[in-house]
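Peer 1: Mind looking at a prediction? Sequence and model below.
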Amino acid sequence: MELTKKKRRLTLLLFILLVVALSSAGAHIHSQKVRSDGDTTVVVSARVWLMGLCSATAVSSCGILPLLFTRCIDLRAVDGGSVSLRLVLSFAVGSLLGDVWLHLLPEAWGQVEWEDGHEGDKREVKASLQRRGMWIILGLVTFMTVEKLAKHIETISTTPSNDNNNKKRHISGYLNLLANITDNFTHGLAIAASYLVSPLVGLLTTLAILCHEIPHEIGDFAILLRSGFSCPDAAIAQLVTASGGLVGVVVGFSAQYVGQCTLWMLPFSAGGFLYIALVSILPELMEDSVASVKQVCGVLLGIIIMAAVTIVEKKSCSAMPDAIGYHYL
(Lines give C-alpha, C1' and ligand atoms only; values in the text may rest on other atoms or scores of the structure.)
Protein backbone atom coordinates (compact mmCIF):
# COMPACT_ATOMS: atom_id res chain seq x y z
CA MET A 1 0.00 0.00 0.00
CA GLU A 2 2.83 2.35 0.90
CA LEU A 3 4.59 1.48 -2.37
CA THR A 4 1.44 2.34 -4.31
CA LYS A 5 1.22 5.75 -2.63
CA LYS A 6 4.87 6.47 -3.40
CA LYS A 7 4.32 5.44 -7.00
CA ARG A 8 1.36 7.80 -7.33
CA ARG A 9 3.31 10.68 -5.79
CA LEU A 10 6.30 10.05 -8.05
CA THR A 11 4.12 9.88 -11.15
CA LEU A 12 2.28 13.06 -10.20
CA LEU A 13 5.57 14.84 -9.45
CA LEU A 14 7.02 13.87 -12.84
CA PHE A 15 3.89 15.13 -14.57
CA ILE A 16 4.02 18.46 -12.70
CA LEU A 17 7.71 18.92 -13.54
CA LEU A 18 7.04 18.26 -17.21
CA VAL A 19 4.15 20.73 -17.24
CA VAL A 20 6.36 23.37 -15.62
CA ALA A 21 9.09 22.73 -18.18
CA LEU A 22 6.63 23.08 -21.03
CA SER A 23 5.22 26.25 -19.53
CA SER A 24 8.72 27.72 -19.37
CA ALA A 25 9.29 26.83 -23.00
CA GLY A 26 5.96 28.40 -23.90
CA ALA A 27 7.07 31.71 -22.41
CA HIS A 28 8.95 32.35 -25.65
CA ILE A 29 5.88 31.92 -27.83
CA HIS A 30 5.42 35.61 -28.57
CA SER A 31 9.08 36.34 -29.19
CA GLN A 32 10.09 33.24 -31.16
CA LYS A 33 11.45 34.16 -34.58
CA VAL A 34 12.94 31.88 -37.19
CA ARG A 35 14.62 32.31 -40.52
CA SER A 36 14.00 30.31 -43.66
CA ASP A 37 16.89 31.91 -45.52
CA GLY A 38 19.19 34.89 -45.33
CA ASP A 39 16.56 37.46 -46.19
CA THR A 40 13.18 36.19 -44.98
CA THR A 41 12.18 36.18 -41.31
CA VAL A 42 9.14 34.16 -40.26
CA VAL A 43 7.34 34.38 -36.92
CA VAL A 44 5.67 31.30 -35.45
CA SER A 45 2.49 32.88 -34.16
CA ALA A 46 0.92 32.20 -30.79
CA ARG A 47 -2.15 30.87 -32.60
CA VAL A 48 -0.11 28.18 -34.36
CA TRP A 49 1.66 27.33 -31.09
CA LEU A 50 -1.68 26.93 -29.35
CA MET A 51 -3.13 24.79 -32.13
CA GLY A 52 -0.06 22.56 -32.17
CA LEU A 53 -0.06 22.06 -28.41
CA CYS A 54 -3.80 21.38 -28.39
CA SER A 55 -3.40 18.82 -31.18
CA ALA A 56 -0.58 17.07 -29.33
CA THR A 57 -2.68 17.06 -26.17
CA ALA A 58 -5.66 15.59 -28.02
CA VAL A 59 -3.55 12.84 -29.58
CA SER A 60 -1.67 11.99 -26.40
CA SER A 61 -4.57 12.20 -23.97
CA CYS A 62 -6.60 9.68 -25.97
CA GLY A 63 -4.68 7.17 -23.88
CA ILE A 64 -7.07 7.79 -20.99
CA LEU A 65 -10.20 7.18 -23.09
CA PRO A 66 -10.24 3.46 -22.15
CA LEU A 67 -10.78 4.56 -18.55
CA LEU A 68 -14.27 5.73 -19.57
CA PHE A 69 -15.09 2.31 -20.97
CA THR A 70 -13.21 0.06 -18.56
CA ARG A 71 -16.21 -2.16 -17.92
CA CYS A 72 -16.68 -2.69 -21.65
CA ILE A 73 -13.07 -3.68 -22.35
CA ASP A 74 -12.34 -7.38 -22.63
CA LEU A 75 -8.61 -7.61 -22.02
CA ARG A 76 -8.50 -10.98 -23.75
CA ALA A 77 -9.89 -9.51 -26.96
CA VAL A 78 -8.09 -6.18 -27.05
CA ASP A 79 -5.82 -7.25 -29.88
CA GLY A 80 -8.56 -9.02 -31.80
CA GLY A 81 -10.39 -5.98 -32.98
CA SER A 82 -13.97 -5.68 -34.21
CA VAL A 83 -15.41 -4.98 -37.64
CA SER A 84 -16.03 -1.32 -36.81
CA LEU A 85 -12.53 -1.01 -35.35
CA ARG A 86 -10.98 -2.41 -38.51
CA LEU A 87 -12.99 0.03 -40.60
CA VAL A 88 -11.51 2.87 -38.58
CA LEU A 89 -8.06 1.41 -39.15
CA SER A 90 -8.80 1.19 -42.88
CA PHE A 91 -9.62 4.87 -42.94
CA ALA A 92 -6.41 5.50 -40.97
CA VAL A 93 -4.36 3.74 -43.66
CA GLY A 94 -5.88 5.88 -46.40
CA SER A 95 -5.56 9.11 -44.47
CA LEU A 96 -1.94 8.39 -43.54
CA LEU A 97 -1.00 7.52 -47.13
CA GLY A 98 -2.78 10.62 -48.38
CA ASP A 99 -1.06 12.72 -45.75
CA VAL A 100 2.34 11.39 -46.82
CA TRP A 101 2.03 11.52 -50.61
CA LEU A 102 -0.22 14.57 -50.94
CA HIS A 103 1.07 16.79 -48.13
CA LEU A 104 4.30 15.92 -46.33
CA LEU A 105 6.48 14.71 -49.20
CA PRO A 106 5.31 17.34 -51.74
CA GLU A 107 6.18 20.03 -49.22
CA ALA A 108 9.55 18.42 -48.50
CA TRP A 109 10.33 18.13 -52.21
CA GLY A 110 9.06 21.64 -52.87
CA GLN A 111 11.63 23.04 -50.47
CA VAL A 112 14.42 21.74 -52.70
CA GLU A 113 13.67 24.37 -55.31
CA TRP A 114 13.48 27.06 -52.62
CA GLU A 115 16.69 25.90 -51.00
CA ASP A 116 18.73 25.63 -54.20
CA GLY A 117 16.80 27.85 -56.61
CA HIS A 118 17.91 28.13 -60.20
CA GLU A 119 21.45 29.00 -59.17
CA GLY A 120 22.25 25.61 -57.69
CA ASP A 121 23.51 22.97 -60.08
CA LYS A 122 21.97 19.56 -60.59
CA ARG A 123 24.40 17.92 -58.19
CA GLU A 124 23.25 20.09 -55.31
CA VAL A 125 19.61 19.39 -56.10
CA LYS A 126 20.30 15.65 -56.31
CA ALA A 127 22.20 15.72 -53.02
CA SER A 128 19.34 17.62 -51.38
CA LEU A 129 16.83 15.03 -52.60
CA GLN A 130 19.05 12.23 -51.35
CA ARG A 131 19.21 13.82 -47.91
CA ARG A 132 15.44 13.88 -47.78
CA GLY A 133 15.38 10.25 -48.86
CA MET A 134 17.70 9.36 -46.01
CA TRP A 135 15.40 11.13 -43.56
CA ILE A 136 12.47 9.11 -44.90
CA ILE A 137 14.42 5.89 -44.29
CA LEU A 138 15.47 7.07 -40.83
CA GLY A 139 11.87 7.86 -39.93
CA LEU A 140 10.77 4.41 -41.09
CA VAL A 141 13.52 2.67 -39.12
CA THR A 142 12.82 4.78 -36.01
CA PHE A 143 9.13 3.92 -35.98
CA MET A 144 9.98 0.27 -36.65
CA THR A 145 12.30 0.27 -33.64
CA VAL A 146 9.62 1.81 -31.42
CA GLU A 147 7.03 -0.74 -32.50
CA LYS A 148 9.47 -3.63 -32.08
CA LEU A 149 10.16 -2.43 -28.55
CA ALA A 150 6.45 -2.10 -27.82
CA LYS A 151 5.74 -5.62 -29.11
CA HIS A 152 8.59 -7.03 -27.07
CA ILE A 153 7.24 -5.35 -23.95
CA GLU A 154 3.74 -6.60 -24.73
CA THR A 155 5.09 -10.15 -25.04
CA ILE A 156 6.66 -9.87 -21.61
CA SER A 157 3.50 -8.41 -20.07
CA THR A 158 1.25 -11.20 -21.37
CA THR A 159 3.20 -14.04 -19.76
CA PRO A 160 1.23 -16.09 -17.19
CA SER A 161 1.24 -14.47 -13.79
CA ASN A 162 2.83 -16.11 -10.77
CA ASP A 163 4.65 -15.08 -7.65
CA ASN A 164 8.06 -15.23 -9.29
CA ASN A 165 7.39 -12.87 -12.19
CA ASN A 166 5.16 -10.22 -10.64
CA LYS A 167 8.12 -7.86 -10.43
CA LYS A 168 8.98 -8.52 -14.08
CA ARG A 169 5.44 -7.81 -15.21
CA HIS A 170 5.34 -4.66 -13.11
CA ILE A 171 8.54 -3.33 -14.70
CA SER A 172 7.16 -4.11 -18.15
CA GLY A 173 4.41 -1.58 -17.52
CA TYR A 174 6.97 1.17 -16.99
CA LEU A 175 8.91 0.04 -20.05
CA ASN A 176 5.71 0.31 -22.04
CA LEU A 177 5.27 3.87 -20.78
CA LEU A 178 8.79 4.70 -21.92
CA ALA A 179 8.05 3.36 -25.39
CA ASN A 180 4.83 5.40 -25.47
CA ILE A 181 6.67 8.59 -24.52
CA THR A 182 9.05 8.05 -27.43
CA ASP A 183 6.17 7.31 -29.77
CA ASN A 184 4.29 10.41 -28.62
CA PHE A 185 7.43 12.50 -29.09
CA THR A 186 7.64 11.46 -32.73
CA HIS A 187 3.95 12.26 -33.10
CA GLY A 188 4.62 15.70 -31.64
CA LEU A 189 7.37 16.29 -34.19
CA ALA A 190 5.01 15.21 -36.96
CA ILE A 191 2.30 17.57 -35.73
CA ALA A 192 4.74 20.47 -35.49
CA ALA A 193 6.05 19.77 -38.99
CA SER A 194 2.51 19.73 -40.35
CA TYR A 195 1.56 23.01 -38.69
CA LEU A 196 4.69 24.55 -40.20
CA VAL A 197 3.06 23.86 -43.56
CA SER A 198 -0.34 25.26 -42.60
CA PRO A 199 -2.91 24.96 -39.78
CA LEU A 200 -5.18 22.99 -42.11
CA VAL A 201 -2.51 20.37 -42.78
CA GLY A 202 -1.79 20.26 -39.05
CA LEU A 203 -5.42 19.49 -38.25
CA LEU A 204 -5.53 16.78 -40.90
CA THR A 205 -2.35 15.21 -39.59
CA THR A 206 -3.84 15.26 -36.09
CA LEU A 207 -6.95 13.49 -37.38
CA ALA A 208 -4.85 10.87 -39.17
CA ILE A 209 -2.80 10.17 -36.04
CA LEU A 210 -5.92 9.97 -33.88
CA CYS A 211 -7.43 7.33 -36.18
CA HIS A 212 -4.36 5.21 -35.58
CA GLU A 213 -3.74 5.97 -31.92
CA ILE A 214 -7.16 5.45 -30.33
CA PRO A 215 -7.40 1.67 -30.91
CA HIS A 216 -3.77 1.11 -29.99
CA GLU A 217 -4.10 3.09 -26.78
CA ILE A 218 -6.67 0.54 -25.65
CA GLY A 219 -3.96 -2.10 -25.87
CA ASP A 220 -1.51 0.10 -23.98
CA PHE A 221 -4.07 0.63 -21.23
CA ALA A 222 -4.61 -3.11 -21.01
CA ILE A 223 -0.86 -3.70 -20.67
CA LEU A 224 -0.74 -1.33 -17.71
CA LEU A 225 -3.68 -3.07 -16.05
CA ARG A 226 -2.04 -6.45 -16.58
CA SER A 227 1.19 -5.08 -15.10
CA GLY A 228 -0.46 -4.34 -11.77
CA PHE A 229 -1.64 -0.75 -12.32
CA SER A 230 -5.05 0.22 -11.05
CA CYS A 231 -7.33 2.12 -13.43
CA PRO A 232 -6.58 5.54 -11.84
CA ASP A 233 -2.84 4.80 -11.81
CA ALA A 234 -2.94 3.71 -15.44
CA ALA A 235 -4.78 6.91 -16.39
CA ILE A 236 -2.20 9.07 -14.58
CA ALA A 237 0.62 7.14 -16.22
CA GLN A 238 -0.94 7.69 -19.65
CA LEU A 239 -1.13 11.41 -18.91
CA VAL A 240 2.59 11.36 -18.17
CA THR A 241 3.28 9.78 -21.55
CA ALA A 242 1.17 12.55 -23.08
CA SER A 243 3.97 14.94 -22.20
CA GLY A 244 6.09 13.28 -24.89
CA GLY A 245 3.84 14.68 -27.59
CA LEU A 246 3.90 18.15 -26.06
CA VAL A 247 7.68 18.08 -25.84
CA GLY A 248 7.83 16.99 -29.48
CA VAL A 249 5.73 19.97 -30.54
CA VAL A 250 7.81 22.37 -28.44
CA VAL A 251 11.05 21.01 -29.89
CA GLY A 252 9.65 21.29 -33.41
CA PHE A 253 8.41 24.86 -33.01
CA SER A 254 11.38 26.06 -30.96
CA ALA A 255 13.99 25.20 -33.58
CA GLN A 256 16.12 28.22 -34.35
CA TYR A 257 15.72 27.73 -38.07
CA VAL A 258 12.28 26.40 -38.89
CA GLY A 259 13.07 26.17 -42.59
CA GLN A 260 16.08 23.96 -41.87
CA CYS A 261 14.10 22.02 -39.26
CA THR A 262 11.31 21.13 -41.68
CA LEU A 263 13.90 19.87 -44.15
CA TRP A 264 14.27 16.78 -41.95
CA MET A 265 11.02 16.81 -39.96
CA LEU A 266 8.71 16.42 -42.96
CA PRO A 267 10.47 13.44 -44.60
CA PHE A 268 11.20 11.88 -41.19
CA SER A 269 7.51 11.99 -40.30
CA ALA A 270 6.58 10.72 -43.76
CA GLY A 271 8.79 7.67 -43.29
CA GLY A 272 7.21 6.97 -39.93
CA PHE A 273 3.69 7.28 -41.29
CA LEU A 274 4.51 4.97 -44.20
CA TYR A 275 5.64 2.35 -41.71
CA ILE A 276 2.53 2.74 -39.58
CA ALA A 277 0.18 2.51 -42.56
CA LEU A 278 1.87 -0.22 -44.61
CA VAL A 279 3.55 -2.33 -41.92
CA SER A 280 1.68 -1.84 -38.65
CA ILE A 281 -1.94 -1.59 -39.83
CA LEU A 282 -2.29 -2.95 -43.38
CA PRO A 283 -1.05 -6.52 -42.68
CA GLU A 284 -3.61 -6.81 -39.89
CA LEU A 285 -6.35 -5.76 -42.29
CA MET A 286 -5.14 -8.20 -44.96
CA GLU A 287 -5.65 -11.10 -42.55
CA ASP A 288 -9.33 -10.23 -42.15
CA SER A 289 -11.59 -11.51 -44.92
CA VAL A 290 -14.74 -10.07 -43.34
CA ALA A 291 -15.99 -6.76 -44.75
CA SER A 292 -13.07 -6.55 -47.19
CA VAL A 293 -14.98 -4.30 -49.57
CA LYS A 294 -15.82 -1.90 -46.76
CA GLN A 295 -12.19 -1.83 -45.68
CA VAL A 296 -11.03 -0.99 -49.21
CA CYS A 297 -13.66 1.75 -49.32
CA GLY A 298 -12.34 3.02 -46.00
CA VAL A 299 -8.82 3.27 -47.40
CA LEU A 300 -10.07 5.03 -50.53
CA LEU A 301 -12.18 7.39 -48.43
CA GLY A 302 -9.14 8.43 -46.43
CA ILE A 303 -7.16 9.12 -49.61
CA ILE A 304 -10.04 10.99 -51.25
CA ILE A 305 -10.50 13.22 -48.22
CA MET A 306 -6.80 14.09 -48.22
CA ALA A 307 -6.94 14.80 -51.96
CA ALA A 308 -9.98 17.02 -51.51
CA VAL A 309 -8.31 18.89 -48.70
CA THR A 310 -5.26 19.45 -50.91
CA ILE A 311 -7.46 21.23 -53.45
CA VAL A 312 -9.15 23.30 -50.75
CA GLU A 313 -5.80 24.15 -49.21
CA LYS A 314 -4.37 25.40 -52.50
CA LYS A 315 -7.36 27.66 -53.04
CA SER A 316 -7.17 28.94 -49.46
CA CYS A 317 -3.45 29.62 -49.73
CA SER A 318 -3.87 31.51 -53.00
CA ALA A 319 -6.70 33.58 -51.55
CA MET A 320 -5.04 34.24 -48.19
CA PRO A 321 -1.28 33.79 -48.59
CA ASP A 322 -0.45 35.61 -45.38
CA ALA A 323 -3.12 34.05 -43.21
CA ILE A 324 -1.20 30.83 -42.81
CA GLY A 325 1.93 32.62 -41.71
CA TYR A 326 4.38 30.33 -43.52
CA HIS A 327 4.65 31.91 -46.93
CA TYR A 328 8.16 30.61 -47.39
CA LEU A 329 6.89 27.05 -47.85
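Peer 2: The structure has been received and is ready for your questions.
Peer 1: Tell me who's in contact with A190.
Peer 2: A190 sits next to 205, 209, 248, 265, 269, 272-273 when contact means Cβ atoms under 8 Å, 6 or more residues apart in numbering. Bear in mind the C-beta positions are built from the backbone N, C-alpha and C, glycine included.
Peer 1: again, only this time at 6 Å
Peer 2: A190 is in contact with S269, counting by Cβ atoms under 6 Å, 6 or more residues apart in numbering.
Peer 1: same thing with T186?
Peer 2: Contacts for T186 were tallied using Cβ under 6 Å, 6+ apart; they are G272.
Peer 1: And F229, its phi and psi?
Peer 2: Backbone torsions for F229, taken as degrees, to the nearest 10, come to phi -80, psi 140.
Peer 1: ok, it to A235 distance?
Peer 2: As judged by Cβ to Cβ, to the nearest Å, F229 and A235 stand 9 Å apart.
Peer 1: do A127 as well
Peer 2: Distance check for A127 against A235: by Cβ to Cβ, it reads 48 Å.
Peer 1: pLDDT weak spots in the stretch 1-150 of the chain?
Peer 2: Low-confidence segments of the stretch 1-150 of the chain (pLDDT under 70): 1-44, 68-85, 111-121, 150.
Peer 1: which residue ranges form the helices in it?
Peer 2: Applying DSSP state H, counting those that start in this stretch to the stretch 1-150 of the chain gives helices spanning 2-26, 46-61, 65-68, 83-99, 105-116, 122-157.
Peer 1: Taking helix 83-99 as reference, get the angle to the following helix or strand past the longest one.
Peer 2: When you say that, I think you mean helix 122-157. Scanning forward in sequence from helix 122-157 by DSSP states H and E, the next helix or strand is helix 166-197. Calculated by axes from the mean of the first three to the mean of the last three Cα atoms, to 10 degrees, helix 166-197 forms an angle of 40 degrees with helix 83-99.
Peer 1: Quick one: name whatever helix or strand follows helix 166-197.
Peer 2: Next along the chain after helix 166-197, taking DSSP H and E as the criterion, comes helix 199-226.
Peer 1: tell me the angle that following helix makes with helix 83-99.
Peer 2: Calculated by the same axes, to 10 degrees, helix 199-226 forms an angle of 140 degrees with helix 83-99.
Peer 1: In terms of secondary structure, what does helix 199-226 contact?
Peer 2: helix 46-61, helix 83-99, helix 122-157, helix 166-197, helix 231-253 (3 or more Cβ pairs under 6 Å, 6 or more residues apart in numbering; DSSP states H and E).
Peer 1: average pLDDT for that helix?
Peer 2: Average pLDDT, helix 199-226: 75.
Peer 1: Also stretch 242-262?
Peer 2: 73.
Peer 1: swap in stretch 268-285?
Peer 2: On average, stretch 268-285 scores 82.
Peer 1: Show me the contact partners of that stretch.
Peer 2: So stretch 268-285 is in contact with 89, 93, 96-97, 100, 104-105, 135-136, 139-140, 143-144, 147, 186, 190, 193, 212, 295, going by Cβ under 6 Å, 6+ apart.
Peer 1: Straight-line length of it, end to end?
Peer 2: 25 Å (Cα to Cα, to the nearest Å).
Peer 1: in it, what counts as buried?
Peer 2: Buried residues in stretch 268-285, defined by neighbour count with 16 or more other Cβ atoms under 10 Å: 268-277, 280-282, 285.
Peer 1: again, but for stretch 89-109
Peer 2: Neighbour-count burial for stretch 89-109 flags 89-105, 107-108 (criterion: 16+ other Cβ under 10 Å).
Peer 1: contacting residues around it?
Peer 2: Contacts of stretch 89-109 from elsewhere in the structure, counted by Cβ under 6 Å, 6+ apart, are 132, 197, 201, 205, 208, 211-212, 266-267, 269-270, 273-274, 277, 281-282, 295, 298-299, 301-303, 306, 310.
Peer 1: Please consider this matter closed, and thank you.
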